[in-house]
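Novice: what shape does this take:
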Amino acid sequence: MPTEAIVLQTPEAPSTGTRVDNIYVSNDGVIRVGTTQPAGTALIDKREVPAGITATTATTSLLGDRKYSPLYGAAMGELARWEDPLAFNATVSDARKKVGSLRFTVDSNRTMDIALQVSYDQKASANSSEDTGKAASYVWETWIDGVKRNSVELAVHSWGETKQNRTTFSISAGTHTVDLYRTRRLTSGGVIVNRGGAQTWPKTSLAIIDVGGVE
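Specialist: Got it, this is the predicted structure:
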């Protein structure tokens, strides 16, 4: 709902520590500031107030660099995205490795899809063609806030392929970190190379997609 621009009188900053202020539109259409957000109101922003500040410009939004008010219950789409920086045809390592990390903030309990996309190809060794047709594989682990929440194994064959995996999670309000780990499990076949990012191949990536609010 559109609202007129107004100047709000905010409480003084705390003398020590920090405080979180919620800026919201109440059910009577009035914009208010409080340390909590009442049920049924629409949050505009959530800001951290450091001790001793004298201007609201010194506060920090906890919702990130968002240019719109969070949608009440509706999907907000893609919140964060990692793309593999490996060059086209670059060799993919076999050892377990944290390949990407994403950080995002949601103002309420949400349903999230975490979408993995992999574009790889298996090359026969330089000295022999015996590897052709043998399958290799990588295990991809999704960790949320330091806890492993999902593990999926995707095969890699002797031809280029793009594979996708999408998993749904319930995420509580707040700031979260998603880490992606990759480990080669099946080692038959030749080296694995990255196919993403050139010749119309989609990049290997991980996306955090908001599906909608939950109670």
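Novice: going forward, measure contacts between C-alpha atoms and count neighbours the same way
Specialist: Fine.
Novice: can you report how many residues lie near the spatially closest residue to Pro14 that is not a sequence neighbour?
Specialist: Spatially, and ignoring its direct neighbours in sequence, Pro14 is nearest to Ala51 (4.8 Å; C-alpha to C-alpha, 6 or more residues apart in numbering). The number of residues packed near Ala51 is 15, by other C-alpha atoms under 10 Å.
Novice: contact partners for Ala51?
Specialist: Residues in contact with Ala51 (C-alpha atoms under 8 Å, 6 or more residues apart in numbering) are 13-18.
Novice: let's go with 10 Å and repeat that
Specialist: The contact partners of Ala51, taken as C-alpha atoms under 10 Å, 6 or more residues apart in numbering, are 12-19, 59.
Novice: ok, it to Gly174 distance?
Specialist: From Ala51 across to Gly174, the span is 21 Å (C-alpha to C-alpha, to the nearest Å).
Novice: do the same with Gly146
Specialist: 15 Å.
Novice: if we can go back for a sec, weed out the non-buried ones from the contacts of Ala51.
Specialist: 13, 59 (16 or more other C-alpha atoms under 10 Å).
Novice: taking the contacts of Ala51 one by one, which sit in helices?
Specialist: Assignment to helices by DSSP state H places none of these there.
Novice: distance to Asn89 and pLDDT added to the contacts of Ala51, as JSON lines?
Specialist: Output for these, formatted as JSON lines (distance: C-alpha to C-alpha, whole Å; pLDDT from 0 to 100):
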{"residue": "Glu12", "distance to Asn89": "57", "pLDDT": "89"}
{"residue": "Ala13", "distance to Asn89": "54", "pLDDT": "90"}
{"residue": "Pro14", "distance to Asn89": "55", "pLDDT": "90"}
{"residue": "Ser15", "distance to Asn89": "56", "pLDDT": "91"}
{"residue": "Thr16", "distance to Asn89": "54", "pLDDT": "92"}
{"residue": "Gly17", "distance to Asn89": "50", "pLDDT": "90"}
{"residue": "Thr18", "distance to Asn89": "49", "pLDDT": "92"}
{"residue": "Arg19", "distance to Asn89": "49", "pLDDT": "92"}
{"residue": "Thr59", "distance to Asn89": "45", "pLDDT": "88"}
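Novice: export the contacts of Ala51 to a markdown table and tack on distance to Glu161?
Specialist: Putting the contacts of Ala51 into a markdown table (distance: C-alpha to C-alpha, whole Å) gives the following:
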| residue | distance to Glu161 |
| --- | --- |
| Glu12 | 58 |
| Ala13 | 55 |
| Pro14 | 56 |
| Ser15 | 58 |
| Thr16 | 55 |
| Gly17 | 52 |
| Thr18 | 50 |
| Arg19 | 49 |
| Thr59 | 47 |
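Novice: how about low-confidence regions in this structure?
Specialist: Along the chain, segments meeting pLDDT under 70 span 1-4, 64-73, 124-134, 189, 214-215.
Novice: and the longest strand for it?
Specialist: The residue-count maximum for a strand in the chain (DSSP state E) belongs to strand 110-122.
Novice: C-terminal to that strand, what's the next element?
Specialist: Tracing the chain C-terminally past strand 110-122 and defining elements by DSSP states H and E, one meets strand 136-144 next.
Novice: mind listing what whichever helix or strand comes after that following strand pairs with, with the direction of each?
Specialist: Sequence-wise, the next helix or strand downstream of strand 136-144 (DSSP H and E) is strand 147-156. Each strand paired with strand 147-156, and its direction, by DSSP bridges: strand 136-144 (antiparallel).
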